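Chemist: Give me a 3D structure for the following:
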Amino acid sequence: HCPLLPDQPAQVIGRDDLTLHAFPGRTFFYIGWNTRRPPFDDAAVRRALAMAIDRDEIIEALLEGYGTPASSPIPPWSPLEPQVRPIDPDPAAAAALLERAGWVDRNGDGVRENAQGRPLRFDLLTSDAPLNRAVVEVVQAQLRAVGVDARVRILEFQTLLTQHRGRDFDAVYTSWVLDNFQVASAPMALLHSRWAEVQGSANRSSVSIPALDAAMERAAAATDPDEARAAWADVVEILKEEQPLTFMFWLDELAASRDRLQGVTMDPRGELSSIARWWLPGGRR
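Modeler: Numbers count the residues shown, from 1 in each chain. The predicted structure follows:
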């Protein structure tokens, strides 16, 4: 038994002679901002963009509810997840924050400009996966509503990966799959400043925030669960304020089994986690 897995079974929905299993997954989606490029070197701008995005709308409209809003790389099914809500969508507050940061629609074309006349316009990259394309189109519309012009660019996955790894991007919508159940592994890889200058590292947004480093190190070193959870809460609060990455959602996994097959449960370990307990009526396993 892995202590990081949820106690509750997967959600199970009957359909004809099949049972659909919806269970928590290990994949989260996020928007990475290139913090070395203006305007993403300004945390106020990053936070405003995050506030303009409605994750719940995306989850309901595009995932049919099979997802959970994300606030960090800490999975919602982990007992160390500090249950800090993602930044709330608030277009009015996002617009006000952009105004205070100096981004105003000065020429009335619907796109904000800074004092030098540079429009708040950038390329938002993603892969050609159908879900990714659909999500970025919604994000584009949500950002446009607050005067931000995100130009969507769809790339073949390997091309996207090359540009992302090479830090040749303004913003990128992509995903990360947890390859183990160590809570600290993804935050450290994606966000610790020790990797900010390392070419090809997973810290592709060049995140370098000393307070975030210290909080992650404290959380990773904690041996008491309450101490660790409190430290991870500090990590998430810093991420909410700084928004070097805007975390979107954790994607639920879906699988089906025959109704006759009994004892089937699924969890983040995968579809076959309970295979030793599967059985068929009549005594056959």
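
Chemist: Pull the contacting residues for A255.
Modeler: L20, H21, F23, M266, E271 (C-beta atoms under 8 Å, 6 or more residues apart in numbering). Where you see a C-beta, it was placed from the backbone N, CA and C, and this is true even at glycine.

Chemist: can you pick the most crowded of those?
Modeler: Neighbour counts for these, by other C-beta atoms under 10 Å, peak at F23, which reaches 24 neighbours.

Chemist: Pretty sure that one sits against D252.
Modeler: Yes - contact criterion C-beta atoms under 8 Å: F23 and D252 qualify, at 6.6 Å.

Chemist: in the stretch 151-285 of the chain, which spans are helices?
Modeler: 157-165, 185-191, 210-221, 225-242 (DSSP state H, counting those that start in this stretch).

Chemist: Can you tell me what sits against the last one?
Modeler: Residues from elsewhere that reach helix 225-242, judged by C-beta under 8 Å, 6+ apart: 43, 46-47, 71-72, 74, 79-82, 84, 86-87, 183, 187, 191, 209, 211-212, 215-216, 218-219, 222, 245, 247.

Chemist: which of the residues in that helix are buried?
Modeler: For helix 225-242, the neighbour count (16 or more other C-beta atoms under 10 Å) marks 228-229, 231-240, 242 as buried.

Chemist: Then the second one?
Modeler: Taking 16+ other C-beta under 10 Å as the basis for neighbour counts, the residues of helix 185-191 that come out buried are A186, P187, M188, L190, L191.

Chemist: hmm, back to that, filter the contacts of helix 225-242 to the buried ones?
Modeler: For these, buried by 16+ other C-beta under 10 Å: 43, 46-47, 71-72, 74, 80-82, 84, 86-87, 183, 187, 191, 209, 212, 215-216, 218-219, 222, 245, 247.

Chemist: Give me the secondary structure label for P24.
Modeler: The three-state assignment at P24 reads strand, by DSSP: H, G, I helix; E, B strand; the rest coil.

Chemist: pLDDT score assigned to F247?
Modeler: On pLDDT, F247 comes in at 97.

Chemist: Pairing partners for it in the sheet, please.
Modeler: The bridge-partner assignment for F247, based on DSSP bridges, gives Y30.

Chemist: ok, it to V177 distance?
Modeler: 14 Å (C-beta to C-beta, to the nearest Å).

Chemist: Same check on R106?
Modeler: 43 Å.

Chemist: Settle it for me: which of those two has more neighbours?
Modeler: R106 (13 against 10).
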